[in-house]
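# Quick one: sequence and predicted model below, then my questions.
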Amino acid sequence: MEKKDFQYIHLIAVGGSIMHNLALALHDKGLKVTGSDDEIYEPAKSRLAAAGILPAQEGWFPEKLDARPDAVILGMHARADNPELKRAQELNIPIYSFPEFIYEQSRDKQRVVIGGSHGKTTITSMIMHVLRYIDRKFDYAVGAQLEGFDRMVKLSDDAPVIIIEGDEYLSDPVKRVPKFHLYHHHIAVISGISWDHINVFPDPDLYRDQFRIFAEMTPKAGTLIYNQDDEQVQLVSVPRNPADISYIGYGVHEHSIRNGKTILHTKKEGDVEVQLFGEHNLRNLNAAKEVCKKIGVKAQDFYAAMRTFKGAAKRLQKLGESATANIYRDFAHAPSKVKASTEAVKKQFPQRELVAVLELHTFSSLNKKFIPQYAGTLDLADAPIVFFSPKTLEHKRMEPLTEQELNDAFKNQNLNVFTDSAALEQHLLERNWQNANLLLMSSGTYNNINLEALTQAVLKS
């Protein structure tokens with residue numbers, strides 16, 4: 001079945017990170033695009049305005065649907081009783097979730113879907129970097145703004161392949177199916193499985209089962225590339241029909257660390273110095289290499305491209321450095337990510353003190369049932385710090401947390417807990433930063449601490 005030819009698209013909840021990027025991508029293609037949302041923040045607001053597709057007013061306006069768009073795309077931020085959604089249903093206008101629409105638009109392309117609890121953004125961005133480096137045509141959908149790419153989504157008519165970051169979170173408020181079940185991949189990656197999204201998957205087995213379904217959706221003549229060092233991944237990736245499907249396991253790329261630099265060891269290309277570091281990233285690199293090999297990229301080109309790869313934003317992103325200190329920002333919030341990022345910085349700079357600051361910000365990370373998953377995750381930090389805002393707990397209508405509960409959960413006697421961002425900032429500014437690194441891990445903002453100003457102040461101290 002060929003993809004449908006749409007001329008006019010309306011997006012419900014257009015202000016979302018990925019949704020506004022999709023709106024811009026469709027506008028770039030020359031389609032008529034409208035949208036609605038009850039709240040639109042920066043940078044979405046300015047970007048939609050620059051393209052001339054920012055809604056005139058915030059809110060839901062069912063009468064917009066009377067113009068009869070060819071399709072409606074429903075964002076996860078909308079509720080199942082959304083008035084625009086109801087009007088679209090009444091008018092029998094085709095309604096798609098984001099992943100359903102991406103699939104619809106890529107029916108005639110080779111679909112590569114990167115799944116996993118951690119590493120998927122980095123792997124996806126590595127593949128995209130390599131393909132751009134060698135000037136290959138490709139489409140993409142990725143969950144972060146990547147350096148060198150204006151959009152998080154690109155949909156063209158002529159690209160033969162699409163690279164998709166396959167999130168396991170729900171697709172939309174009506175069907176409530178994991179996104180990565182809806183892309184219908186030809187090539188899949190499972191980078192790791194570590195229980196997350198407790199509000200949707202309250203049981204670890206239920207969460208892991210979503211990856212089993214994803215793995216089993218691999219079609220005949222398809223490929224499943226999986227992290228062979230992850231026990232949970234092995235449970236869902238055991239070859240069931242190896243005659244029909246290519247199963248490719250991967251581990252950490254062979255490497256060494258010299259003076260804080262990572263050197264890859266390869267058979268044909270010799271030693272290759274790269275800018276990223278950490279064993280988890282060297283696994284991610286191997287996953288990207290296997291995907292690139294499968295879609296016809298030569299090893300020589302892959303390694304040449306990886307020399308210039310700086311990493312995905314907020315994934316061990318270097319905010320600043322001096323002769324004696326480096327400061328990194330990382331999106332890590334799930335336990336496996338926190339442990340991997342902490343270990344990466346400590347092993348890269350074993351002679352330096354490591355101050356690791358984790359903000360508990362997500363529903364899972366603030367849930368008393370889930371917090372024990374963090375046991376031992378900050379053990380390699382010389383100065384482990386946890387920050388959370390009581391206001392976030394109130395906003396999410398969750399039980400209060402005590403310092404003792406966090407100490408018990410993390411099983412770390414050196415843990416320092418802060419609930420006031422000003423006090424945390426003052427504590428960091430008063431530290432001695434000679435021969436020390438700072439790792440800031442959060443999917444939030446530390447209650448709006450100015451990280452750029454903090455970075456400059458720390459480096460001057």
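Alright, I've got the coordinates. Numbering: from 1, shown residues only.

# Could you pull out the helices in this protein for me?
Applying DSSP state H to the chain gives helices spanning 17-28, 44-50, 83-90, 98-105, 120-133, 204-216, 231-237, 279-294, 299-306, 335-348, 390-395, 403-410, 421-430, 451-460.

# which of these has the lowest average pLDDT?
For these, mean pLDDT drops lowest on helix 390-395, to a mean of 86.

# residues touching the spatially most central residue of the chain, list them.
With distances taken as Cα atoms, centre = their mean, the chain has T121 as the residue nearest its mean C-alpha position (4.3 Å). The neighbourhood of T121, defined by Cβ atoms under 8 Å, 6 or more residues apart in numbering, consists of V142, G143, A144, E165, A312, R315, F331. To be clear about C-beta, it is placed using only N, CA and C from the backbone, and glycine gets the same treatment.

# ok, back up a step: as a markdown table, the helices of the chain with distance to D37 would be great.
Output for the helices of the chain, formatted as a markdown table (distance: least, Cβ to Cβ, whole Å):
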| stretch | distance to D37 |
| --- | --- |
| helix 17-28 | 8 |
| helix 44-50 | 9 |
| helix 83-90 | 10 |
| helix 98-105 | 14 |
| helix 120-133 | 24 |
| helix 204-216 | 28 |
| helix 231-237 | 36 |
| helix 279-294 | 33 |
| helix 299-306 | 37 |
| helix 335-348 | 29 |
| helix 390-395 | 19 |
| helix 403-410 | 35 |
| helix 421-430 | 28 |
| helix 451-460 | 27 |
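
# right, so of those, which gets closest to E273?
Checking the helices of the chain against E273 by Cβ to Cβ gives helix 299-306 as the closest, at 9.7 Å.

# distance of E359 from G444?
5 Å (Cβ to Cβ, to the nearest Å).

# One more: L378?
For L378, the distance to G444 - Cβ to Cβ - is 17 Å.

# If you count surrounding residues, which of the two has more?
More crowded of L378 and G444, by other Cβ atoms under 10 Å: L378, with 26 against 17.

# number of nearby residues for the residue nearest to the more buried one when sequence neighbours are not counted?
Nearest non-adjacent residue to L378, counting by Cβ to Cβ, 6 or more residues apart in numbering: P384, 3.7 Å away. Using other Cβ under 10 Å, P384 has 23 other residues around it.

# which residues does P384 bridge with?
Beta-bridge partners recorded for P384 (DSSP bridges): A356.

# wait, it sits on N407?
No - using Cβ atoms under 8 Å, P384 makes no contact with N407, being 10.4 Å away.

# Outline the domain layout of this protein.
Listed by automatic domain parsing, the domain ranges of the chain are 8-93, 101-306, 317-460.

# D196 is nearest to which of the helices of the chain?
Closest of the helices of the chain to D196 is helix 204-216, at 6.9 Å (criterion: Cβ to Cβ).

# Give the other helices and strands that the closest one contacts.
If contacts are counted by 3 or more Cβ pairs under 8 Å, 6 or more residues apart in numbering; DSSP states H and E, helix 204-216 sits against strand 187-190, helix 231-237.

# which residues are common contacts for P384 and N407?
With Cβ under 8 Å, 6+ apart, P384 and N407 have common neighbours L415.

# sorry, back to before: how close does the residue nearest to the centre of the chain sit to G59?
Distance of T121 to G59, given as Cβ to Cβ: 32 Å.

# before we move on, what about S322?
49 Å.

# what sits against the residue nearest to Q300 when sequence neighbours are not counted?
Closest residue to Q300 apart from its sequence neighbours, by Cβ to Cβ, 6+ apart: E269 at 6.2 Å. Taking Cβ under 8 Å, 6+ apart, we find E269 in contact with A299, Q300, Y303.
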